[in-house]
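Trainee: show me how the following folds:
(one chain, ligands or ions: 1)
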Amino acid sequence: MTDHEVYMIVAADKDFGIGKDGVLPWQITKEMKYFKDVTTQTHDATKENMVIMGRTTWESIPEKFRPLIDRKNVVLTSQKDYKAKGATVVNSIEAALNLAQNEIETIFVIGGGSVYKEFIDHPALTGIYLTQIQDCFDCDTFFPDIPEKLSQVKEISSDREGGTEFKYLLYKKA
Ligand SMILES: NC(=O)c1ccc[n+]([C@@H]2O[C@H](COP(=O)([O-])OP(=O)(O)OC[C@H]3O[C@@H](n4cnc5c(N)ncnc54)[C@H](OP(=O)(O)O)[C@@H]3O)[C@@H](O)[C@H]2O)c1
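Mentor: The predicted model follows:
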């Protein structure tokens, strides 16, 4: 477990689809900037945030953009000798959470589908930053059902890019 706040952050379409063929099914520049801002910003300038992701999500990030800058990157894999340059590799969610010491402000679980599914009922989960995309894409990976103990506390804002509309929502433990 951890004393840190732990948020999932995800963009999902109307069917809670989040991915297709190992990558994002959409390209929404504003949403990518929002993800970067939320996961990077800290209240305490001496600290940084930690991002935890599955091995497939790590590999879906173009090499020139990884590790995600100004955040401690942690990659989950069951492989014992897996190397992820610039990231810390761990073999379990608990090992990932245990990496967060005083220099970390907030932990973000950034996907993908299998990691969200494993983490959705974890007692350490504080909330979810959900970007709800008001469209349907042909996805093969989905976000799990949001448990009742988490409720939508805030519509942070809404925006559009091209023909696509989306809302930034925050769910937290009741
Ligand atoms: N829309 C969004 O916000 C968003 C965000 C992130 C990702 N995505 C999308 O989601 C898709 C990827 O999701 P995915 O479910 O296929 O893969 P994933 O969750 O990114 O990664 C799965 C891999 O992570 C490792 N892993 C997961 N849980 C583990 C655990 N408890 N202990 C040890 N290792 C663990 C395993 O790696 P090994 O096989 O190496 O053991 C597993 O095969 C992509 O399409 C991506 O673009 C969407």
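Trainee: how close does Tyr129 get to the ligand?
Mentor: According to CB to the nearest ligand atom, to the nearest Å, Tyr129 and the ligand sit 10 Å apart. Glycine gets a C-beta too; all of them are placed from N, C-alpha and C.
Trainee: so that residue, which of the three states?
Mentor: strand (DSSP: H, G, I helix; E, B strand; the rest coil).
Trainee: quick one, phi/psi of the nearest residue to it once chain neighbours are set aside?
Mentor: Take Tyr129 and drop its neighbours on the chain: the residue closest to it by CB to CB, 6 or more residues apart in numbering is Ile9, 4.2 Å away. Torsion angles at Ile9 (phi, psi; degrees, to the nearest 10) stand at phi -130, psi 130.
Trainee: any idea how many residues pack against Ile9?
Mentor: Per other CB atoms under 10 Å, the neighbour tally for Ile9 reads 19.
Trainee: spell out which parts of this protein neighbour the ligand.
Mentor: 10-11, 18-19, 22-24, 53-57, 60, 76-79, 91-93, 110-115, 118, 141 (CB under 6 Å from any ligand atom).
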